[in-house]
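Trainee: I'd like to go over a predicted model; first the sequence, then the structure.
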Amino acid sequence: MRIIDMHCDTLLEAWRKPELNFFDGDLSVNLKLLKENDCLVQFFAMYISRNEMETMDAYDIIKGMYARYREVMDENKTRISTVYSVDDILKNKEAGILSSLLTIEDGVFLDGKIERLHEVYDMGVRLVTLLWNFENSVGFPSSDNQEEHLRGLKPFGIEVVEEMNRLGMVIDTSHLSEGGFYDVAKYSRKPFVASHSCARALCGHRRNLTDGQLKTLGNAGGIVGVNFNGPFLKDDEEAPKIDWIVEHLLYMRDKAGIEAIGFGSDFDGIDDNGELVNYAGFGKLIGAMEKHFTDDEIDLISYGNALRLLKDVIGR
């Protein structure tokens, strides 16, 4: 049990299609794949899709997805358990049980109401991705327009950062504007993450991090989780190749440091899994990494860095 993956959209698929079997259903991430392929912790995102927001309030989407999540956890309680601390992860590992860490993708549900942060914390949420691809009460998304990309957090966004620090929630800057990223670095007293992003120098996608951002993230004790989505790995490509993922890991190691890189697959949110196929592709990826990284470095990337950050932020 040695893989911590900081982002997947599997829960959205399970909510949309309740007939899907979460144990071995046709998903890129299911419990059978996790168990057979060295999963230690899977971060499950409650992603607030704009498709559902056409007919539902964002917070109601969270409530509906959370209800489905609880069903899945209850149905599989001998296989997987929600974790709230690093000790929970270690206890599950000792018992041979998979660990699930619940997250939210897009702070749009907050709508300027800080009490909602407390409410989702009580649900068990331990990471919030502040933005998706649209402006919300926290701040502004990444943009190809440089002026827009440099817009920072709103005053409420700064309040959210400070309150997440106080509660012990991981701040996720993936999708956030560059200006917002640097505001998180300025105002957060704890390490933060870019849970599913890549290196801008290797691929020009607006969501990827510049060398300056990578250095800042590393200096803050944070982590960038390499995204397996083809368009984030190589310009004008769709199907990801494992060598491209390794290239980004090597580059980000050099710019951010070996202790600042991890995995953020984005499985079940990717249109084409390419060479990875599904979660089982982690085995092929680790094999390719062995040509470039030491065993100790692979351990850090696979799980060590994420465990350290979780200890620093959500607690032992």
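Mentor: Good, I have the coordinates.
Trainee: ranges for the helices of the stretch 151-300 of the chain?
Mentor: Chain-ordered helices for the stretch 151-300 of the chain, with DSSP state H, counting those that start in this stretch as the definition, fall at 155-167, 178-187, 211-219, 230-233, 242-256, 281-289, 295-299.
Trainee: which one of those lies closest to residue 90?
Mentor: Taking CB to CB, helix 295-299 is the member of the helices of the stretch 151-300 of the chain nearest to residue 90, at 15.2 Å. C-beta here means a position set from N, CA and C on the backbone, and glycine is covered the same way.
Trainee: now the helix or strand that the closest one is followed by, how far from the centre of its chain.
Mentor: Helices and strands here follow DSSP states H and E; after helix 295-299, the next one along the chain is helix 305-313. Its chain's C-alpha centre and that of helix 305-313 lie 13 Å apart, by CA atoms, centre = their mean, to the nearest Å.
Trainee: by contact count, what packs against helix 305-313?
Mentor: Taking 3 or more CB pairs under 8 Å, 6 or more residues apart in numbering; DSSP states H and E as contact, the helices and strands that helix 305-313 lies on are helix 86-95, strand 170-172, strand 223-226, strand 261-263.
Trainee: Switch these over to CSV; also include distance to residue 234.
Mentor: Compiled in CSV, the helices and strands packed on helix 305-313 are given as follows (distance: least, CB to CB, whole Å):
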stretch, distance to residue 234
helix 86-95, 33
strand 170-172, 24
strand 223-226, 13
strand 261-263, 18
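Trainee: can you redo those as a markdown table with mean neighbour count?
Mentor: Compiled in a markdown table, those are given as follows (neighbours: other CB atoms under 10 Å):
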| stretch | mean neighbour count |
| --- | --- |
| helix 86-95 | 16 |
| strand 170-172 | 28 |
| strand 223-226 | 29 |
| strand 261-263 | 27 |
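Trainee: Apart from its neighbours in sequence, what residue is nearest residue 273?
Mentor: Once its chain neighbours are removed from consideration, residue 273 has its nearest residue in residue 28; the separation is 6.0 Å (CB to CB, 6 or more residues apart in numbering).
Trainee: neighbours around residue 282, how many?
Mentor: 23 (other CB atoms under 10 Å).
Trainee: Return the distance of it relative to residue 38.
Mentor: Here residue 282 is placed at a distance of 7 Å from residue 38 (CB to CB, to the nearest Å).
Trainee: So for those two, which residues contact both of them?
Mentor: Shared between the contact lists of residue 282 and residue 38 (criterion: CB atoms under 8 Å, 6 or more residues apart in numbering) are residues residue 3.
Trainee: measure the closest residue to residue 293 other than its chain neighbours to residue 226 for me?
Mentor: The shortest distance from residue 293 to any residue other than its chain neighbours is 7.0 Å, reached at residue 301 (CB to CB, 6+ apart). Using CB to CB, we find residue 301 at a distance of 9 Å from residue 226.
Trainee: before we move on, what about residue 140?
Mentor: 24 Å.
Trainee: try residue 94
Mentor: Distance of residue 94 to residue 226, computed by CB to CB: 29 Å.
Trainee: Tell me which stretches of the stretch 1-150 of the chain form strands.
Mentor: Per DSSP state E, counting those that start in this stretch, the stretch 1-150 of the chain carries strands over the ranges 3-5, 39-47, 80-82, 98-105, 125-129.
Trainee: Sheet partners, orientation included, of the second one?
Mentor: What that stands for is strand 39-47. Strand 39-47 has the following sheet partners, assigned by DSSP bridges: strand 3-5 (parallel), strand 98-105 (parallel).
Trainee: Would you mark the buried spots in stretch 251-268?
Mentor: For stretch 251-268, a neighbour-count test (16 or more other CB atoms under 10 Å) marks 251-253, 255-268 as buried.
Trainee: how distant is that stretch from the center of its chain?
Mentor: 11 Å.
Trainee: Could you tell me how many residues sit around the nearest residue to residue 50 once chain neighbours are set aside?
Mentor: Ranked by CB to CB, 6+ apart and with sequence neighbours excluded, the top spatial neighbour of residue 50 is residue 134, at 7.5 Å. Neighbourhood size, residue 134 [other CB under 10 Å]: 12.
Trainee: for residue 194, same thing?
Mentor: Residue 194 is flanked by 33 other residues according to other CB under 10 Å.
Trainee: hey, what's in contact with both of residue 301 and residue 226?
Mentor: Counting by CB under 8 Å, 6+ apart, the shared contacts of residue 301 and residue 226 are 249, 261, 262, 263.
Trainee: my guess is the last one meets residue 305, correct?
Mentor: If I follow you right, that is residue 263. No: in this structure, residue 263 sits apart from residue 305 without contact. The criterion is CB atoms under 8 Å, and the distance is 9.7 Å.
Trainee: wait, doesn't residue 188 sit right on residue 161?
Mentor: Yes: with contact defined as CB under 8 Å, residue 188 reaches residue 161; the gap is 5.3 Å.
Trainee: so who does the closest residue to residue 232 other than its chain neighbours touch?
Mentor: If the residues on either side of it in the chain are set aside, residue 232 comes closest to residue 198, at 4.5 Å by CB to CB, 6+ apart. Residues in contact with residue 198, defined by CB under 8 Å, 6+ apart, are 205, 207, 208, 209, 224, 226, 227, 232, 233, 248, 252.
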